[in-house]
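*Asks:* Dropping the sequence and predicted coords here.
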Amino acid sequence: MKRRDVLLAALTLLAAWQVLAMIVHLPILPPPLEVLRVLFRELRSDLLIHFTVSLWRVAAGMLLSVLIAAPVGLAVGGSARLNRIFSPFIYLLYPVPKVVLVPVVILFLGIGDTAKIAIMFLILVFQILVLVRDQASGLPPQLIQSLQSLGAGRRALFRFVYLPASLPAILTALRQSIGTAVAVLYITELSATKYGLGYYIYYKGSTLLDYPAMYAGVIAMSILGLGMYFTVDWLERKWCKWKFVS
Amino acid sequence: MALLRHALRATETVCFVHTMISIRSLTFAYAGHSPLFDEFSLEIPRGETWAILGPSGCGKTSLLYLLAGLRYPTRGGIALDGEALTRPRPRTGLILQDYGLLPWSTVRENVELGLRVRQFYGEDGKHTPLDFQPAKSLASWLERLGIREISDQYPAQISGGQRQRTAIARTLALEPDLLLMDEPFSSLDAITREDLQNLTLSLCAQQQLTLVVVTHAIEEAVVLGERILLLDAAPNRNARVFENPGVRSEGYRETSQHQEICSLLRREMQRETA
């Protein structure tokens, strides 16, 4: 995918929005230029704070999930015995829709950031865990045996095989769950907070009926997701060069 | 401490072991299966090249894994260089069928891998021999195996022959005294295969390596092994060893002697399966 093509697609989408706004011609669908103007105005007042709070929540949730899911996934995938014990649990818990746990988590952890980060964590941790486990358990035995014959024990195997092998799996899991994470972020920010893009969008749209500002919030939230997407892509190009050679 | 080490090395030199591999009354079976080896014994002298030949399922690869210390005998024992084998031995090099190269590392990093594993542990005598000082630089191994030009490429970008050269360089950089290979050249085209067979023989001569190659191809066994161990359908009880003294002479594969040994082995293998 070329950068120029992505830019072109973005411009096309904006143009389509413009045309649609002209056809509909209602206050609930303002044209993109007006929204952009409001976006820059709002950035100078308090949108940036809401953006930062949301970014912190989703980034903290992601980081926490990687820190916990990656080592557990490596351990479970690297040992047939642990895999036999834990996989049935993962199998049962993986498909449970974690979003429905939002009220429960809020009941337990209160209305602060902890609850919101915990929900991000619950959603991401299984995705990463499953992908890393499958990556680790799917490594060809010849690779492991070759390393053992070079003198590698358990520690060196983790350092030289399991860790680098799981890196693409972690990044893939992150990429796959960014969309869900941002969507759930919105839901958790609808209630029990006065900060975050979810709150901002809801407040501007439903309470103040300030539609351009609401759309500015939507754009900010898209930029948040897109920015994380770009970051993961960038990390993959940096850390997994071998995946991009022909 | 240094003095003690010195003394230890001196004793090693005094009781110089002529036998590289000593298999004593080996019995081996995978759990729930009938044994592949039953009271099997074999001695392989230092510095010789051996080929293990046999039909699939005869246990030849299992024997190699036993020698590598990656499997353990059900009964009996194996000693390498006079020491009982209980875990992968630092001075044994193992090259498996699909080379076991790390896909995320370049050719150079792959060749360096064994050395990095040793640095990772330090000289603990368990994963790494004490006093390990590589005599040759990494660059000279890349050069010797003809992979210097491609040293910044990844395994997915190079040919099968080049991958095998990388695997050989990685193993030899650790300066083993015993080299174990499992079907190392079976997926290569004929010309590349001959090339690498010759290279392997000359490297073994240069480094005074003991070589054990497992193969299902009669031709390959006769090209590489100065002795050929023919395994029967399991369980194997007696070692049937064929002498193949011409192996180190140049152009051996074109001689009638080579042809004769090939036909002899072919007859033997057919007789077994009949």
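*Replies:* Sure, I can see it. Residues are numbered from 1 along each chain as shown, chains lettered A, B, ... in the order given.
*Asks:* Quick check: mean pLDDT of the host helix or strand of A:Arg133?
*Replies:* Using DSSP states H and E, A:Arg133 maps to helix A:113-137. Average pLDDT, helix A:113-137: 90.
*Asks:* Check whether it comes near chain B.
*Replies:* No. Using CB under 8 Å from any CB of the partner chain, helix A:113-137 stays clear of chain B, with a minimum separation of 11.9 Å. Backbone N, C-alpha and C define where each C-beta goes, glycine included.
*Asks:* For the nearest residue to A:Leu157 once chain neighbours are set aside, list the residues it contacts.
*Replies:* Excluding its sequence neighbours, the residue lying closest to A:Leu157 (CB to CB, 6 or more residues apart in numbering or on different chains) is A:Leu147, at 5.9 Å. Neighbour list for A:Leu147: A:Ala156, A:Leu157, A:Phe160, A:Val161, B:Gly100, B:Leu113, B:Val117 [criterion: CB atoms under 8 Å, 6 or more residues apart in numbering or on different chains].
*Asks:* From B:Ile150, how far off is A:Leu147?
*Replies:* Here the criterion is CB to CB, to the nearest Å. By it, A:Leu147 lies 22 Å from B:Ile150.
*Asks:* Can you report phi and psi for the residue of chain A positioned farthest from its centre?
*Replies:* Most distant residue from the mean C-alpha position of chain A: A:Ser149, 39.4 Å away (CA atoms, centre = their mean). Here is the backbone geometry of A:Ser149 (degrees, to the nearest 10): phi -70, psi -20.
*Asks:* ok, it touching B:Leu70?
*Replies:* Yes. Counting by CB atoms under 8 Å, A:Ser149 does reach B:Leu70; the two are 7.0 Å apart.
*Asks:* Would you mind grabbing the residues shared as contacts by these two?
*Replies:* Both A:Ser149 and B:Leu70 are contacted by B:Pro88, B:Leu94, under the criterion CB under 8 Å, 6+ apart.
*Asks:* now the residue of the stretch 51-200 of chain B found nearest chain A, nearest residue through space, not along the chain?
*Replies:* Using CB to the nearest CB, B:Gly100 is the residue of the stretch 51-200 of chain B that sits closest to chain A, at 2.7 Å. Distance criterion CB to CB, 6+ apart; nearest residue to B:Gly100, sequence neighbours excluded, is A:Ser146 at 2.7 Å.
*Asks:* can you pull the buried residues of the one helix or strand that neighbour maps to?
*Replies:* Using DSSP H and E, the element containing A:Ser146 is helix A:141-149. Neighbour counts over helix A:141-149 (16 or more other CB atoms under 10 Å in any protein chain shown) mark A:Leu143, A:Ile144, A:Gln145, A:Ser146, A:Leu147, A:Gln148, A:Ser149 as buried.
*Asks:* mean confidence score for that helix?
*Replies:* Helix A:141-149 comes out at a mean pLDDT of 88.
*Asks:* about what we covered before: with pLDDT, distance to B:Ser202 and secondary structure added, can I get the contacts of A:Leu147 in CSV?
*Replies:* As requested, the contacts of A:Leu147 are exported to CSV (pLDDT from 0 to 100; distance: CB to CB, whole Å; DSSP: H, G, I helix; E, B strand; the rest coil):
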residue, pLDDT, distance to B:Ser202, secondary structure
A:Ala156, 90, 31, helix
A:Leu157, 91, 33, helix
A:Phe160, 92, 30, helix
A:Val161, 92, 32, helix
B:Gly100, 85, 23, coil
B:Leu113, 92, 24, helix
B:Val117, 90, 27, helix
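*Asks:* Flag every residue of chain A that's near chain B.
*Replies:* Residues of chain A lying near chain B (CB under 8 Å from any CB): A:140, A:142-143, A:145-153, A:155-156, A:159-161, A:164-165, A:167, A:240-242, A:245-246.
*Asks:* Show me just the buried residues among these.
*Replies:* Applying 16+ other CB under 10 Å to the residues of chain A next to chain B, the neighbour count classes A:143, A:145-153, A:156, A:160-161, A:164-165, A:167, A:242 as buried.
*Asks:* Next, B:Tyr72: phi, psi?
*Replies:* phi -120, psi 140.
*Asks:* hey, what's B:Ile228 bridged with?
*Replies:* Beta-bridge partners for B:Ile228, by DSSP bridges, are B:Ala51, B:Phe242.
*Asks:* Tell me how many other residues crowd A:Tyr200.
*Replies:* By the criterion of other CB atoms under 10 Å in any protein chain shown, A:Tyr200 has 27 neighbours.
*Asks:* let me redo that: B:Gly69
*Replies:* By other CB under 10 Å, the residues close to B:Gly69 number 18.
*Asks:* Also A:Thr231?
*Replies:* 15.
*Asks:* just to revisit the earlier point, pipe the buried residues of helix A:141-149 into TSV and attach distance to B:Val223 per row.
*Replies:* As requested, the buried residues of helix A:141-149 are exported to TSV (distance: CB to CB, whole Å):
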residue	distance to B:Val223
A:Leu143	28
A:Ile144	30
A:Gln145	26
A:Ser146	24
A:Leu147	29
A:Gln148	29
A:Ser149	24
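*Asks:* Of those, just say which sits nearest to A:Leu235.
*Replies:* Taking CB to CB as the measure, A:Leu235 sits nearest to A:Leu143 out of the buried residues of helix A:141-149, at 23.8 Å.
*Asks:* The closest one contacts B:Tyr99, doesn't it?
*Replies:* No. Contact status for A:Leu143 versus B:Tyr99: not in contact, 9.2 Å apart, counting by CB under 8 Å.
*Asks:* pLDDT weak spots in chain A?
*Replies:* Within chain A, the segments meeting pLDDT under 70 span A:246.
*Asks:* and B:Tyr81, what does it touch?
*Replies:* Quick fix: residue B:81 is Asp, not Tyr. Neighbour list for B:Asp81: B:Val17, B:Met20, B:Arg46, B:Arg91, B:Asp177, B:Leu178 [criterion: CB under 8 Å, 6+ apart].
*Asks:* Give me the neighbour count for the third one.
*Replies:* The reference is to B:Arg46. By other CB under 10 Å, 16 other residues sit near B:Arg46.
*Asks:* wait, what's in contact with the residue nearest to B:Gly100?
*Replies:* B:Leu94, B:Ile95, B:Leu96, B:Tyr99, B:Gly100, B:Ala167.
*Asks:* re earlier: show me the contacts for the residue farthest from the centre of chain A.
*Replies:* If you count contacts by CB under 8 Å, 6+ apart, A:Ser149 has them with B:Ala68, B:Leu70, B:Pro88, B:Thr92, B:Gly93, B:Leu94, B:Leu180.
*Asks:* Tell me which helix or strand the last one sits in.
*Replies:* Secondary-structure assignment from DSSP H and E places B:Leu180 in strand B:178-182.
*Asks:* and that strand, what does it pack onto?
*Replies:* Strand B:178-182 sits against helix B:60-68, strand B:92-95, strand B:210-215, with contacts defined as 3 or more CB pairs under 8 Å, 6 or more residues apart in numbering or on different chains; DSSP states H and E.
*Asks:* want to try JSON lines for the ones you listed, with mean neighbour count as columns?
*Replies:* As requested, the helices and strands packed on strand B:178-182 are exported to JSON lines (neighbours: other CB atoms under 10 Å in any protein chain shown):
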{"stretch": "helix B:60-68", "mean neighbour count": "22"}
{"stretch": "strand B:92-95", "mean neighbour count": "25"}
{"stretch": "strand B:210-215", "mean neighbour count": "26"}
